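>>> Dropping a prediction and its sequence here:
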Amino acid sequence: MISERQTAADRVYKGRSTGPRTAGGKKRSSRNAFRHGLSRRATANHFDRARVEQLTDILAGPDAGTVHRELATAVADAQIDLSRVRATKISILERIGAVGIFDYPANSDWGKHVPGGRVLLKDDTSEELPPLPEDDAFRAIEVFRRALPELLKLDRYERRALSRRKFAIRALCAFTG
């Protein structure tokens, strides 16, 4: 049980945590959800929606009831989200390995909301990154070092999709079993 003293302290500190205060901080936080599109469900995109429907048809079968179909749709949605995250990770790693750069094509989900289709590697977008080293070994290390924060951020989306899929599969199995 929380003590009165802790509750009073929480009230005091609650007023202090008001989010970003500087213009740059506010600008950065306003772009958080638009970085790569992975925070949106697969059903938000018409191409992914079609993939979810195909997988739902496979999981539920042709003569499934409404509830069974909804549970199968939840599994399919989570699976497609998981495959999108993993495809994005693979894309980052392939691009690093192939060309040693960290730019994305303008037509990818990653580049839609970022000017020029470039993924923001630093919090302060006004500062340019230093040039990559000429030596191939050091170049590969530096490119991977720059991409590592983005790969770590993708882990959150992957864990969320895995969790959603796990609980959706459990619900589907409980319904059918």
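Nice, I can see it. These numbers were taken from a predicted model, which means no experiment stands behind them.

>>> lowest-confidence helix or strand of the chain?
helix 23-30 (a mean of 82; mean pLDDT, DSSP states H and E).

>>> Please export the C-alpha coordinates of that one as PDB.
Listed next in PDB are the C-alpha coordinates belonging to helix 23-30 (Å, rounded to 0.1, in the frame of the first residue of the first chain):
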ATOM      1  CA  ALA A  23      11.700  24.000 -29.200                       C
ATOM      2  CA  GLY A  24      14.100  21.300 -30.400                       C
ATOM      3  CA  GLY A  25      12.800  18.800 -27.800                       C
ATOM      4  CA  LYS A  26       9.200  19.500 -28.700                       C
ATOM      5  CA  LYS A  27      10.000  19.100 -32.400                       C
ATOM      6  CA  ARG A  28      11.800  15.700 -31.800                       C
ATOM      7  CA  SER A  29       9.000  14.400 -29.600                       C
ATOM      8  CA  SER A  30       6.400  15.400 -32.200                       C
END
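
>>> Which elements pack onto whichever helix or strand comes after it?
Going down the chain from helix 23-30, the next helix or strand is helix 46-60, by DSSP states H and E. Contacts defined by 3 or more C-beta pairs under 8 Å, 6 or more residues apart in numbering; DSSP states H and E place helix 46-60 against helix 66-99. For glycine as for every other residue, the C-beta is placed from the backbone atoms N, C-alpha and C.

>>> I'd like the next helix or strand past the helix it packs on.
Per DSSP H and E, the helix or strand that comes after helix 66-99 is helix 136-176.

>>> Let me know the average pLDDT across that following helix.
Mean pLDDT, computed over helix 136-176, is 86.

>>> What of stretch 86-99?
Mean pLDDT, stretch 86-99: 77.

>>> in stretch 81-99, what's buried?
Neighbour-count burial for stretch 81-99, counted by 16 or more other C-beta atoms under 10 Å, picks out 81-82, 84-85, 88-89, 92, 95-96.

>>> which pair in the residues you listed spans the largest distance?
D81 and I96 (23.3 Å; C-beta to C-beta).

>>> List the residues that contact I141.
Contact analysis of I141 by C-beta atoms under 8 Å, 6 or more residues apart in numbering lists nothing.

>>> same question, E53
Contacts of E53 by C-beta under 8 Å, 6+ apart are A76.
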